[in-house]
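Participant: Need a 3D model of the following:
(2 chains)
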Amino acid sequence: GNSVTQMEGPVTLSEEAFLTINCTYTATGYPSLFWYVQYPGEGLQLLLKATKADDKGSNKGFEATYRKETTSFHLEKGSVQVSDSAVYFCALRTGTGANNLFFGTGTRLTVIP
Amino acid sequence: DAGVIQSPRHEVTEMGQEVTLRCKPISGHNSLFWYRQTMMRGLELLIYFNNNVPIDDSGMPEDRFSAKMPNASFSTLKIQPSEPRDSAVYFCASSFAWGGVAGDYEQFFGPGTRLTVL
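Facilitator: Next up, the predicted model:
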């Protein structure tokens, strides 16, 4: 089956610290991988994506590389800001003709000044 | 574009009452998704539509839940009768998919409806 496993939170970091949020997946076929971010009181927004092995998605200083050999898509940022405080969701879409996404449980990040 | 619009933003009701959540997708999108988010279960897909047709409703919890999409610009999720365990944030999302074949697209989420069933 299809599933996404994220590191459990919450994660609390000081401003300018390095961030890693781990994500591994199980999927049939060749999935596309996504990171979504949910700011307080809002819906989810696409942060970045990668559609094939070794692709790197990047946006707003965040990066994630699609690693087929380790079935991983870890999210990283070199220097977090207070405004990055949010819940981060890893997700996959199997690309078999279905349009639905499979989400991880989310990781809450709090950045303190 | 106004984005995905959901109403109401907050709903408080009593157990046994009927609840109707509404969603207006982004104009031109042909796929619509209903999700439920709770602390215990995270984000769950309830049902999704392609071109107004329900494709997968396996995530709908039970017969008390029903969803309709009478046209491309409107969808409802109804709970009848509601129960306290239905309390959650319900999200609607929309996207555009080419000819039913999965493409490199993005799901756009609405702000959600926070439902509290007393």
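
Participant: Pull up the pairing partners for the lowest-mean-pLDDT helix or strand in chain A, direction included.
Facilitator: Every helix and strand of chain A was ranked by mean pLDDT, DSSP states H and E. The lowest is strand A:102-103, at a mean of 88. Sheet pairing for strand A:102-103, assigned by DSSP bridges, gives strand A:86-93 (antiparallel).

Participant: Please name the bridge partners of residue 11.
Facilitator: Picking chain A for this. Bridge pairing for residue A:11 - DSSP bridges - gives residue A:109.

Participant: look at chain B instead
Facilitator: residue B:115.

Participant: all helices of chain B, in order?
Facilitator: For chain B, no helices are identified by DSSP state H.

Participant: Not counting sequence-adjacent ones, nearest residue to residue 8?
Facilitator: Reading this off chain A. Among residues not flanking residue A:8 along the chain, residue A:107 sits closest, at 7.1 Å (CB to CB, 6 or more residues apart in numbering or on different chains). For glycine as for every other residue, the C-beta is placed from the backbone atoms N, C-alpha and C.

Participant: not what I meant, chain B
Facilitator: Residue B:8's closest residue in space is residue B:113 (CB to CB, 6+ apart), at 6.0 Å.

Participant: Repeat that for residue B:30.
Facilitator: residue B:51 (5.2 Å).

Participant: So what's the residue count around the residue of chain A found nearest chain B?
Facilitator: Taking CB to the nearest CB, chain B has its nearest neighbour within chain A at residue A:43, 3.3 Å off. As a burial measure, residue A:43 scores 22 neighbours (other CB atoms under 10 Å in any protein chain shown).
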